[in-house]
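**Q** Based on what follows, work out the 3D shape:
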Amino acid sequence: MILRLFSLAAMAAAIAASAFSEPRIALVIGNSDYTVERWKLDNPVRDARLMRAALKDLGFEVEVVLDADEDAMEDAFARFGSRLKEAGREATGFFFFAGHGVQSEGLNYLIPVDTVAY
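**A** Numbering: from 1, shown residues only. As a prediction, this is how the structure comes out:
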């Protein structure tokens, strides 16, 4: 887990190094506390906090959303898109998600904490 976070931080550093003068905007989501008891995870909220710290050290403006339901995730994505659009074409955007995800028919889905499926 630490190696994965280090790799992601190193990737963020490489991206940021090429864009020091441009705006840097990040959205970080960590979903641990799922409604379905057996889906709960220990690390995503901690990972999100670690990623926030690493990205802030690299000069990113970071929005962190923890244990987001579907509405909170949709709102966060809309804010992120608006912030990137306002920042202009030279802005660097970075998105990080920790939590459950699934793939279906070649498409990836991020799972909000209020999802109930069996």
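
**Q** from what I can see Val45 touches Ile29, true?
**A** No - look at Val45 against Ile29 with C-beta atoms under 8 Å: they stay out of range, at 9.9 Å. Just so you know, the C-beta spots here come from the backbone N, C-alpha and C atoms, and that holds for glycine as well.

**Q** list the residues that contact both of those two?
**A** Counting by C-beta atoms under 8 Å, 6 or more residues apart in numbering, the common neighbours of Val45 and Ile29 are Leu66, Ala98.

**Q** can you pull the buried residues of the lengthiest helix in the chain?
**A** Longest helix in the chain, counting residues (DSSP state H): helix 70-87. For helix 70-87, a neighbour-count test (16 or more other C-beta atoms under 10 Å) marks Ala72, Met73, Ala76, Phe80, Arg83, Leu84, Ala87 as buried.

**Q** which secondary structure elements does the helix or strand just after it contact?
**A** Helices and strands here follow DSSP states H and E; after helix 70-87, the next one along the chain is strand 92-98. Under the contact criterion of 3 or more C-beta pairs under 8 Å, 6 or more residues apart in numbering; DSSP states H and E, strand 92-98 touches helix 2-17, strand 24-30, helix 44-57, helix 70-87.

**Q** relative orientation of strand 92-98 and strand 24-30 in degrees?
**A** In terms of direction (axes from the mean of the first three to the mean of the last three C-alpha atoms, to 10 degrees), strand 92-98 departs from strand 24-30 by 10 degrees.

**Q** Show residues contacting the helix or strand just after strand 92-98.
**A** With elements assigned by DSSP H and E, the helix or strand that comes after strand 92-98 is strand 101-104. Contact with strand 101-104 is made by Asn108, Tyr109, Leu110, Ile111, as judged by C-beta under 8 Å, 6+ apart.

**Q** neighbouring strands for strand 101-104, and are they parallel or not?
**A** Note on strand 101-104: by DSSP bridges, its sheet partners are strand 107-110 (antiparallel).

**Q** more crowded one of Val45 and Ile29?
**A** Taking other C-beta atoms under 10 Å, Val45 and Ile29 do not tie; Ile29 has more neighbours (26 against 19).
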